[in-house]
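Participant: sequence and computational prediction follow.
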Amino acid sequence: MASAGSGLSAAVVLGDNASELDTDVLSVDGDTRCLSAERAAEETARLMQRYRKKEQLVFKKVDSTLRGNVGSELAAVLRAQRGFHRQSGQLVAVLAPAFPATGRSTSHGSQLLDGRPLEQTEIWRRAGRPGSSHIPGILLAAGMRSILLELDVVRSSDGGLRKALLALAEDTDVLVCDAETDQDLRAIADAAAALGRGTVWAGSAGLAYQVARAAGLAGTTPSFPQRPFASGPALFVMGSASSVSREQVKVLTSSCDAIAIKILPSDLLAGAQSRRWREHESAFLKALETGRDVVAWLGTDDEGNLELTKGRQLSSALAQMVAPYAGEFGALVATGGETARSVLQAWGVTALRLIRELEPGVPFAVTENWSRQLPVLTKAGDFGTPQTLLNCWQSLRGLDRVSAATLHLGKEL
């Protein structure tokens, strides 16, 4: 989304299921978070071979809360990049995973959320993630050498950061950078541009916002279809177990006339032949008859516990439940990365064209090469304010009369 905001056309493909797209920036969703470190590295290397072109700038997206296989996947990307540029000398990765707009920062090499180490947060407890958020340690476990540049270096004057990066790059794999503000990330991007085009950039959206400008990338004015968006009510699929998402659902459903369908984990795990599943199917059909927007959200069982260890299974089941309604809704809003991907795959969507950003971490996209031009808004479960879903709902009103080209020109939203 950062690239689209810089005047570059941008698209997302799910794995390697999509045909070649005409775009300045291509983002590949490898769906590797739940794989073992070894399998994630293999899949990452395969996708690098599938999509890599010699003159491309490579940005390895990293979850801002370090979930998934951060070390093994970055190692796979760096190995592939060094293989593509055998004559270019020592290539390194520059890693800055901070995303200040959403409360993620990096201090003394550790990743923080709202000032707290990740290992003390709900996100890591919910994911069952062990260990420490100290980034050099995570990289060392993946067999990578790293050097940490702390804030005093990042904020140094007279080109101190640039000089440090150039000197340290000679004898390491990853240059890890502290950052607490967007200004810090801007300084990192500006200084790291001196390392050359073969450098692997790695971080969250916070760094991505800065890279296109620092690297001197420029694209033509993106071309978007002029045909109107798909018509029909909006479907909100809330598959995240985070307290942030639950509060957002509460604000949304109390502020508009959308029909809320609470779905328990036990309902999903019981399967499509169960009584409760059929009851939910009936609720969807009745909601569609009214023409109102629908909010399908993952609740808690009677004992108050979500089946957190079965998150991927729940996302797949939730997608299966809404799969029959791909042609009935005029927009999709999905919370939780696995949930969004599962629903899109269940609907046969293989690519999205990014249009603009509604708020930090909430991209507005449309389906690419699909049967209809469907608006799609996605967000991580822990992103946003209590009003974020309500903002999504408000932005979607009346879009059946508006084209993607109109939105990009800023005449709506």
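Facilitator: Okay, I see it.
Participant: would you mind finding the longest strand in this protein?
Facilitator: Assignment by DSSP state E gives strand 351-359 as the longest strand of the chain.
Participant: check which residues of the helix or strand just after that strand are buried.
Facilitator: Using DSSP states H and E, the helix or strand that directly follows strand 351-359 along the chain is strand 362-367. Within strand 362-367, the residues that count as buried by 16 or more other C-beta atoms under 10 Å are 362-367. (Glycine included, C-beta is placed from N, CA and C.)
Participant: between those, which is closest to Cys34?
Facilitator: Nearest to Cys34 out of the buried residues of strand 362-367 is Pro363 (C-beta to C-beta; 22.1 Å).
Participant: tell me what the closest one is bridged to.
Facilitator: Going by DSSP bridges, Pro363 is paired in beta bridges with Glu357.
Participant: at which residues are the helices of the stretch 1-150 of the chain located?
Facilitator: Using DSSP state H, counting those that start in this stretch, the helices of the stretch 1-150 of the chain run over 37-51, 70-84, 122-127, 135-141.
Participant: quick one: list the elements packing against whatever helix or strand Ser266 lives in.
Facilitator: Assigned by DSSP H and E, Ser266 belongs to helix 265-269. On a contact count with 3 or more C-beta pairs under 8 Å, 6 or more residues apart in numbering; DSSP states H and E, helix 265-269 meets helix 275-290, helix 311-322.
Participant: hmm, back to that, Val249 is nearest to which of the helices of the stretch 1-150 of the chain?
Facilitator: helix 122-127 (16.4 Å).
Participant: what residues does that closest one touch?
Facilitator: 65, 67, 113, 118, 133, 241-243, 308, 382 (C-beta atoms under 8 Å, 6 or more residues apart in numbering).
Participant: how about that helix: buried residues?
Facilitator: Under the neighbour-count criterion of 16+ other C-beta under 10 Å, helix 122-127 has 123-124, 126-127 buried.
Participant: make TSV from those and add pLDDT and distance to Arg52 to it.
Facilitator: Listed next are these as TSV, based on pLDDT from 0 to 100; distance: C-beta to C-beta, whole Å:
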residue	pLDDT	distance to Arg52
Ile123	84	31
Trp124	86	32
Arg126	76	34
Ala127	74	30
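Participant: which single one of these is nearest to Glu73?
Facilitator: Set against Glu73, the nearest of the buried residues of helix 122-127 by C-beta to C-beta is Ala127 (16.3 Å).
Participant: and the end-to-end length of stretch 111-122?
Facilitator: This stretch, stretch 111-122, spans 14 Å end to end (C-alpha to C-alpha, to the nearest Å).
Participant: and that stretch, how far out from the chain middle?
Facilitator: Mean-position distance between stretch 111-122 and its chain equals 19 Å (C-alpha atoms, centre = their mean, to the nearest Å).
Participant: cool, stretch 240-250 as well?
Facilitator: For stretch 240-250, the distance from its own C-alpha centre to the chain's C-alpha centre is 17 Å (C-alpha atoms, centre = their mean).
Participant: who's in contact with it?
Facilitator: Residues outside stretch 240-250 that contact it (C-beta under 8 Å, 6+ apart): 122-123, 126, 236, 238, 260, 295, 297-298, 306, 308, 311, 335-336, 339, 380-390.
Participant: report the buried residues of stretch 379-399.
Facilitator: Going by neighbour count (16+ other C-beta under 10 Å), the buried part of stretch 379-399 is 379-384, 387-393, 395-396, 399.
Participant: distance from the chain centre to it, please.
Facilitator: Centre to centre, stretch against its chain (C-alpha atoms, centre = their mean), the figure for stretch 379-399 is 15 Å.
Participant: same question for stretch 258-266.
Facilitator: Put simply, stretch 258-266 sits 24 Å off its chain's centre (C-alpha atoms, centre = their mean).
Participant: same deal with stretch 202-214?
Facilitator: With C-alpha atoms, centre = their mean, you get 13 Å for stretch 202-214.
Participant: do stretch 320-333 as well
Facilitator: 21 Å.
Participant: mean confidence for it?
Facilitator: Per-region confidence: stretch 320-333 scores 95 on mean pLDDT.
Participant: may I see the buried residues of it?
Facilitator: Within stretch 320-333, the residues scored as buried using 16+ other C-beta under 10 Å are 320-322, 325-326, 328-333.
Participant: quick one, strands of the stretch 51-200 of the chain?
Facilitator: Assigned by DSSP state E, counting those that start in this stretch, the strands in the stretch 51-200 of the chain fall at 58-61, 93-96, 104-107, 110-113, 116-117, 146-149, 174-177, 200-203.
Participant: good, wrapping up.
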